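> Sequence and predicted structure are below.
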Amino acid sequence: MSQMTTEQMAQLMLGVARSQLAIMDAIENTRAGFKSTHARGILESASRLRSNAPPTLGDFPSRLLLQMLGRNPPPLERVIQDLEALVSGAGAATPASPAADAGSSADDSDSLDMTQPT
């Protein structure tokens with residue numbers, strides 16, 4: 001078996017998140033308010049958003065699905081960046097230093113790290 005690239009893994013994770021979102025949309029169609037009243041809170045717990053812990057690979061799928069619940073799904077490039085940061089041990093969308101944060105671009109708003117202020 002050949003080695004999977006980060007881009008292939010990101011595409012796979014986005015595809016799984018889309019299929020999970022389709023199931024949630026089907027439930028939402030039969031039971032209005034399901035996503036906002038039930039699913040979002042459970043996903044926030046699964047992604048450990050409120051624990052202020054550094055993001056991990058185990059939290060990443062839940063965080064990705066949470067972002068899919070928004071109006072704009074995350075772009076593939078951002079998912080690749082976050083995956084590479086997590087695999088390298090740097091953490092998703094974590095600046096290397098406070099000085100690096102001062103030069104952050106508008107692309108930071110697409111980060112899957114929902115523990116950071118917007």
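Thanks, I have the structure now.

> What residues sit buried inside the longest helix belonging to the chain?
Criterion DSSP state H: the longest helix present in the chain is helix 6-30. By 16 or more other C-beta atoms under 10 Å, the buried positions in helix 6-30 come out as 10, 13, 14, 17, 20, 21, 24, 28. Where C-beta positions appear, they are placed from N, C-alpha and C, glycine not excepted.

> what's the answer for stretch 51-69, then?
Those would be 55, 59, 60, 61, 62, 63, 64, 65, 66, 67, 68, 69, for stretch 51-69 by 16+ other C-beta under 10 Å.

> Can I get those residues in JSON lines including secondary structure, distance to residue 89 and pLDDT?
Shown next, in JSON lines, are those (DSSP: H, G, I helix; E, B strand; the rest coil; distance: C-beta to C-beta, whole Å; pLDDT from 0 to 100):
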{"residue": "55", "secondary structure": "coil", "distance to residue 89": "11", "pLDDT": "79"}
{"residue": "59", "secondary structure": "coil", "distance to residue 89": "14", "pLDDT": "83"}
{"residue": "60", "secondary structure": "helix", "distance to residue 89": "14", "pLDDT": "86"}
{"residue": "61", "secondary structure": "helix", "distance to residue 89": "18", "pLDDT": "86"}
{"residue": "62", "secondary structure": "helix", "distance to residue 89": "20", "pLDDT": "84"}
{"residue": "63", "secondary structure": "helix", "distance to residue 89": "17", "pLDDT": "86"}
{"residue": "64", "secondary structure": "helix", "distance to residue 89": "19", "pLDDT": "89"}
{"residue": "65", "secondary structure": "helix", "distance to residue 89": "23", "pLDDT": "87"}
{"residue": "66", "secondary structure": "helix", "distance to residue 89": "23", "pLDDT": "87"}
{"residue": "67", "secondary structure": "helix", "distance to residue 89": "22", "pLDDT": "87"}
{"residue": "68", "secondary structure": "helix", "distance to residue 89": "25", "pLDDT": "87"}
{"residue": "69", "secondary structure": "coil", "distance to residue 89": "28", "pLDDT": "85"}
